Structures are given as structure tokens and as C-alpha cells.
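Engineer: The sequence and its predicted three-dimensional model are supplied below.
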Amino acid sequence: MKKVLIASAAAALLSGFSVQAETLRFGVDLNYPPFSKQGADGKPQGFDIDMANALCAAMKVSCQIVPQDWDGLIPALNANKFDAILSSMQITEERKKAVDFSRKYYNIASRIVAKSGTAVDQNSFKGKKIGVLRASTQEKFAKDYWGKSGATIVPYAKSPESFLDLKSGRVDAVFVDGAVGDQEFLKTANGKGYAFVGPNYADVKYFGLGAGIAVKKGNKALADRLNKAIDQVRKDGSYKKVQDKYFSFDVYGG
């Protein structure tokens, strides 16, 4: 009887260790709605948050969201403040020098938001101001494209702040991810009289092939696990369920 009790206790102990959930920590900038924001209840919400939870469910791990301002995401990852960045970070050759990436989990073109009827070409904003998210691919493109033609590129720590300045006339346009411009400005009362102007911007040199999940250099094991999880949620319908909660179109892209 004593041996049975000892064996049962050992089994329970081993079982306890086996079911102890691994926690995967994702760094996220919570100033990029509809992809990520802090809700009225103080909890993170948005497409990126729901996608993180879906991927964690597929990987059978617990999910922890670690808030971090955009321009500090890569330094914080490399300082081990979290395990990966899931924050609409586009996969570019420049960023791949600092981090490794999963495959893409969505791909949306960038757009110019300005007053309806604004003409847009490389020289359209000479002597004018364009708002962008600081340290974003949009900032780099805008500096090389419109900045070299005489535009002033104004970086913002938080994307919503650029829309406030557009409405007040402190900038003449905002260059942003198309989904963000649409849902967080154009579809609101403040967006009346404004529109997407000019073409889609998706130059691979600047914007890569979509948004991926960044991991520390050399962490192939985690990147592979994330890739498998992305494949799984795409196949089992979890991805579409999250997508349809926020968008009326395919955000995964071709």
C-alpha cells in the first residue's frame, strides 16, 4: 500500500510538471489600432493581440502581452524583456540584420491620407509636412521619396497622434498602413473630408513581404514553432475568425 501511495504521489508530481504551461511573451506597441491598443478596461486588444492568443493556443502555451513603445521593441527583445515581437512589424532586409522573423502573418499596403482630391506624386508635398510613425517603414520610405523632393517628414511616437495633427492642420498628410488609416481616421467623424489619395505603396525594398513575428537572432527553434502555428491557424479557421472580427477583406495578402 505504501509503495502504491509513493508511486501515485510521484506520478502526480510528474503530471504537475508536465502540465505546467510554458509562457510565450510577446512585445507589442499598444498605440496602433486596430492592430493593437489598450482597451477601456486597461487590457490589450486588437488584431495583433487576438492573433497572439490564437498562435499561443495552437502552440499550447500561455500568452503574455508585454507593452513596449514601437521604437524600443527591437532593443527590448534583444535585452530579453520578451521572447518575440508581434506588433505589425514588416519583414525588411534592414531589420533582418538585427532580428530573425517568422513568415508573414499579414500584408497590407501603405497609403497617404490627406484632404479629398489631393494630388499625389513624388513632388506633391514640397514645402509641406507628412506625418509618419517613428522608426517605421513608412518613415524610411517617406524620407527617401517625398523628403528628398522637399517635404518635411514628421515622426510620431504614437500613430493616433498623427491623425490629430492632420485634422488640426499641423501636417498636410499622414503616411500609414492602409487598415490603420481607414479604421482609425477615415471611418471616424474626424475623417470627414479626408480620403486615401494616390496609389498603394508596397515597394518590397522598403516594406518587405508583409508583417512577421520577430525573434532574437539565431532563435530558429522559436521561429520554426511560430511558422507551424501560423500554418495551423490558417488551416483550422482561427486566422479567418480573428481577421473577420476586424476587417472585411483578406489581410493575409497574395
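Structural biologist: Sure thing, it's come through.

Engineer: Now the residue most central in space within the chain: which helix or strand?
Structural biologist: Nearest to the mean C-alpha position of the chain, by CA atoms, centre = their mean, lies residue 88 at 1.5 Å. Following DSSP states H and E, one finds residue 88 within strand 84-90.

Engineer: and the next element down the chain from that strand?
Structural biologist: Using DSSP H and E, the first helix or strand after strand 84-90 is strand 99-101.

Engineer: circling back: can you pull the contacts of the residue nearest to the centre of the chain?
Structural biologist: By CB atoms under 8 Å, 6 or more residues apart in numbering, the contact list for residue 88 reads 32, 35-36, 48, 106, 177, 211. From N, CA and C alone the C-beta is placed, and that goes for glycine too.

Engineer: Residue 124 too?
Structural biologist: Contacts for residue 124 (CB under 8 Å, 6+ apart) come out as 118, 146, 198.

Engineer: swap in residue 110?
Structural biologist: Shown in contact with residue 110 (CB under 8 Å, 6+ apart): 137-138, 141, 175-178, 200-202, 207.

Engineer: pLDDT wise, what is it at?
Structural biologist: For residue 110, the pLDDT comes out at 97.

Engineer: Setting aside sequence neighbours, what's the nearest residue to it?
Structural biologist: Excluding the flanking residues, the one nearest residue 110 by CB to CB, 6 or more residues apart in numbering is residue 201, at 4.5 Å.

Engineer: Quick check: that neighbour touching residue 122?
Structural biologist: No. Between residue 201 and residue 122 there is no contact under CB atoms under 8 Å: 11.6 Å.

Engineer: Compare neighbour counts for those two and give me the winner.
Structural biologist: Using other CB atoms under 10 Å as the criterion, residue 201 and residue 122 rank with residue 201 on top: 18 against 12.

Engineer: How about the contacts made by that one?
Structural biologist: Counting by CB under 8 Å, 6+ apart, residue 201 touches 109-112, 141, 175, 207.

Engineer: now the residues you listed: which count as buried?
Structural biologist: For the contacts of residue 201, a neighbour count by 16 or more other CB atoms under 10 Å gives the buried set as 110-112, 141, 175, 207.
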